[in-house]
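Undergrad: Turn this into a model:
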Amino acid sequence: MACSAILLDGVSKRYGDVLAVDRASLCVDRGHVVALLGPSGCGKTTLLRLIAGFERPDAGTIEVAGAAAAGPAICTPPERRPVGMVFQDYALFPHLTVADNVGFGLRRAERPTRVPMLLALVGLCGLGDRYPHELSGGQQQRVALARALAPAPDIVLLDEPWSNVDPHLREELRSEVTGILRPLGVTVLLVTHDREEAFSVADRVALVHEGTIVQEGTAEELYFNPASRWAAEFVGTGNVLRGHVQDGLVRTTLGTFPANGASGADEVEVLIRPELLELSPDPEGNGEVVRREFRGHDVFYRVLLDGVELLSHRPSTEVVPLGARVAIRLHEGHVPVFH
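TA: Numbering: from 1, shown residues only. Modelled structure (predicted):
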């Protein structure tokens, strides 16, 4: 595991009667940006705090930068782990200037040279004498990032860093932060409940549910080949159809699909993403457009087929009128089957 920057093996953490993390395992390669994605309260931040050393696991082991950090016989304190952390609320010292915040964890002799370099890196030249309340939210975030980078850590942990930022600024700030971190070659672990955020910035995504990492892979793997119905619905909208298995195929109202391991006369569910459903106006078609939502570059259609309402997501260049009869065709693509 020499390539691993972070390695969790069977990690659990309990707070009283609450099992916050349940036998979580994860391997994060050096230099990668990985997102911990899941709903609020699923254990994402607790995992981050365990890696940082702010909490000690009740079971399992944690390795950081190739060295044992936590386990039955060891728990390395946070200051001895090569980890920098950007908190959700930034946790800046209000009584210290920007420069003093950035240099807080540095030796006094390092500050005159390293602090100006870090301020330049995050685009805050000339703002070192200001106080946090004199900065915008985006500028405060960059101060927090500079402070996390000050001791030159191998790993940077980001705890929902854009949750307190206006929605129209989030995309810009995501681009700024990842643009700063990627050239440095540091490993980044991001906690978020926002699918778009995780998919847009991360090399790989670890999906967290009830304290456990239930699936890990690229955004494309999680979206098109989810491991469970819960995973499928959390990472994106989909049409879930019931079907029966016969002769290696699942038969549904929309057609037949490979059973992907299901056998016998099992009743199963299949997932069809909206963008895989193609529509074409056809007076003899078996579907009817009952709702249409124009969203600029694309259109969401609700189509009634044999009493089942399906969602189709099409480019806005493909115009299908409300109330039109349509033929529905499934674009070639993988269709997951859930038992």
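Undergrad: Break this protein down into its structural domains.
TA: The record's domain parsing of the chain by automatic domain parsing lists 4-82+153-234, 237-338.
Undergrad: Packed most tightly, which of the ones you listed would that be?
TA: domain 4-82+153-234 (a mean of 18; mean count of other CB atoms under 10 Å). For every residue, glycine as well, the C-beta is placed using N, CA and C.
Undergrad: ends of it, how far apart?
TA: End-to-end distance of domain 4-82+153-234 (CA to CA, to the nearest Å): 28 Å.
Undergrad: Mean confidence (pLDDT) on it, please.
TA: The predicted model assigns domain 4-82+153-234 a mean pLDDT of 94.
Undergrad: What sits closest to Gly71 if chain neighbours are left out?
TA: Closest residue to Gly71 apart from its sequence neighbours, by CB to CB, 6 or more residues apart in numbering: Thr61 at 3.9 Å.
Undergrad: so can I have TSV of the domains of the chain showing distance to Ala99?
TA: Below are those laid out as TSV (distance: least, CB to CB, whole Å):
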stretch	distance to Ala99
domain 4-82+153-234	18
domain 237-338	44
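Undergrad: Could you report the distance from the residue positioned nearest the centre of the chain to Glu216?
TA: Nearest residue to the geometric centre of the chain (CA atoms, centre = their mean): Ala198, 3.0 Å. From Ala198 across to Glu216, the span is 12 Å (CB to CB, to the nearest Å).
Undergrad: Mind listing the shared neighbours of the two?
TA: Both Ala198 and Glu216 are contacted by Val205, under the criterion CB atoms under 8 Å, 6 or more residues apart in numbering.
Undergrad: one step back: which stretch among the domains of the chain comes nearest Arg108?
TA: domain 4-82+153-234 (16.6 Å; CB to CB).
Undergrad: still on that earlier bit, give the full set of residues in contact with the residue nearest to Gly71.
TA: Thr61 neighbours (CB under 8 Å, 6+ apart): 7-11, 68, 70-72.
Undergrad: 7 Å instead, please
TA: Going by CB atoms under 7 Å, 6 or more residues apart in numbering, Thr61 touches 9, 68, 70-71.
Undergrad: mind checking which helix or strand the residue nearest to the centre of the chain is in?
TA: helix 195-201 (DSSP states H and E).
Undergrad: ok, Ile74 touching Val64?
TA: No: under the criterion of CB atoms under 7 Å, Ile74 is not in contact with Val64, lying 11.3 Å apart.
Undergrad: Who are the packing partners of the lengthiest helix in the chain?
TA: In the chain, with assignment by DSSP state H, the single longest helix is helix 167-181. When contacts are defined as 3 or more CB pairs under 7 Å, 6 or more residues apart in numbering; DSSP states H and E, helix 167-181 packs onto helix 137-149, helix 195-201.
Undergrad: rerun that using 10 Å as the cut-off
TA: Judged by 3 or more CB pairs under 10 Å, 6 or more residues apart in numbering; DSSP states H and E, helix 167-181 is in contact with helix 137-149, strand 155-159, strand 187-192, helix 195-201.
Undergrad: how about those in a markdown table, adding distance to Met117?
TA: What follows is the helices and strands packed on helix 167-181, written out as a markdown table (distance: least, CB to CB, whole Å):
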| stretch | distance to Met117 |
| --- | --- |
| helix 137-149 | 9 |
| strand 155-159 | 17 |
| strand 187-192 | 20 |
| helix 195-201 | 24 |
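Undergrad: Looking at the ones you listed, which is nearest to Gly179?
TA: Nearest to Gly179, of those and by CB to CB, is helix 195-201 at 10.2 Å.
Undergrad: Contacts for that closest one next, please.
TA: 33-38, 158, 160-163, 170-171, 174-175, 177-178, 181-182, 188, 190-192, 194, 204-207, 218-220, 222-223, 234-236 (CB atoms under 10 Å, 6 or more residues apart in numbering).
Undergrad: Touching, His133 and Val143? I think so.
TA: No: judged on CB atoms under 10 Å, His133 makes no contact with Val143 at a distance of 11.7 Å.
Undergrad: So Gly285, which state does it fall into?
TA: The three-state label given to Gly285 by DSSP: H, G, I helix; E, B strand; the rest coil is coil.
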